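In: please find the sequence and the predicted model below.
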Amino acid sequence: MADNYLEKRFEEVFGASARKKTVIRRNNPSIDTLLHRNRSYRGYDQSHVVTEAQLREIVSVNTLIPSAMNRQPLRFHLVTRDTGSEKILSNIRMGAALPELHLPLPGTAPEAFIVVCSALEEDKFVDIDLGISLQSMLLKATSAGLNGLIICAFDRMAITEALHLRYPPLAILAIGKGAESIFIRPIHSGDSQTYYRKDGIHYVPKLALEDLLI
């Protein structure tokens with residue numbers, strides 16, 4: 001009874017609304033939202049400059065993610081507009097399924113990169129680590145409002161020499177502010193899985209769940 005009395009007196013003095021708890025809403029996108037937003041961008045807004053600090057923040061996910069046998073072989077070289085992006089751009093190929101477009105289009109090339117290398121000889125376990133790392137870094141970039149592209153078509157020798165890398169590069173992650181409209185198009189087994197563009201929109205065919213289950 002004493003507790004009820006105190007509650008009633010509190011409401012009489014301060015009003016019933018004073019007892020309401022303040023709810024802080026955090027705008028944290030779900031994993032499904034991040035996965036949906038995480039598309040492969042081949043065109044970027046060059047007015048948006050990605051800093052080395054942002055690249056370091058993206059790479060920091062590698063201190064948390066799994067690694068086969070915990071060997072942690074991956075090493076990362078950061079490149080920005082001011083630290084040699086042109087050396088990478090001249091030695092990569094983008095949009096293999098759309099050779100007639102000669103991507104990236106003029107004025108839309110990415111200008112920030114994370115070059116992923118391995119301190120160990122590449123094997124299936126290094127490749128597993130590489131896949132986990134690339135996807136995790138892309139999700140981190142997406143959560144920060146950026147976009148990216150995994151690039152595996154590049155001149156390894158030229159990149160190694162141009163950047164004076166200690167270890168051989170396995171993949172390059174382009175990072176920037178995407179400047180394209182990209183949509184997922186559901187498909188079924190037997191349909192073409194090749195991405196394409198129509199009326200300026202980039203379409204990415206993805207198999208439906210029922211076609212993935214065996």
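Out: Nice, thanks for sending it over. Numbering: from 1, shown residues only.

In: my guess is S40 contacts L149. True?
Out: Yes. S40 lies in contact with L149 (CB atoms under 8 Å); the separation is 5.0 Å. Just so you know, the C-beta spots here come from the backbone N, C-alpha and C atoms, and that holds for glycine as well.

In: which of those two has more neighbours?
Out: When neighbours are counted by other CB atoms under 10 Å, S40 and L149 differ, and L149 comes out ahead with 24 against 19.

In: mind checking what secondary structure the more buried one has?
Out: strand (DSSP: H, G, I helix; E, B strand; the rest coil).

In: for it, which non-adjacent residue is closest in space?
Out: In this structure, L149 finds its nearest non-sequential neighbour in A174, 4.4 Å apart by CB to CB, 6 or more residues apart in numbering.

In: and that neighbour, what element?
Out: A174 belongs to strand 169-176 when assigned by DSSP states H and E.

In: then C117?
Out: Counting by DSSP H and E, C117 is found in strand 112-118.

In: any low-confidence regions in the chain?
Out: Residues of the chain that meet the criterion pLDDT under 70 lie in 1-26.

In: in it, which helix is the longest?
Out: Secondary structure of the chain read by DSSP state H shows that its longest helix is helix 124-143.

In: how much does it deviate in direction from strand 147-151?
Out: Here helix 124-143 runs at an angle of 160 degrees relative to strand 147-151 (axes from the mean of the first three to the mean of the last three CA atoms, to 10 degrees).

In: so which elements touch helix 124-143?
Out: On a contact count with 3 or more CB pairs under 8 Å, 6 or more residues apart in numbering; DSSP states H and E, helix 124-143 meets helix 31-37, helix 52-59, strand 74-79, strand 112-118, strand 147-151, strand 169-176.

In: would you convert those into CSV that also reports distance to H102?
Out: Compiled in CSV, the helices and strands packed on helix 124-143 are given as follows (distance: least, CB to CB, whole Å):
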stretch, distance to H102
helix 31-37, 27
helix 52-59, 27
strand 74-79, 22
strand 112-118, 20
strand 147-151, 15
strand 169-176, 16
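
In: re earlier: identify the residues contacting the longest helix of the chain?
Out: With contact meaning CB atoms under 8 Å, 6 or more residues apart in numbering, helix 124-143 is reached by 29, 31, 34-35, 37-38, 57-62, 65-69, 71-74, 114, 116, 118, 120, 147-148, 150, 170-171, 173, 175.

In: buried subset of those?
Out: Listed as buried from the contacts of helix 124-143 are 34, 37-38, 58-59, 61-62, 67, 73-74, 114, 116, 118, 147-148, 150, 170-171, 173, 175; burial here means 16 or more other CB atoms under 10 Å.
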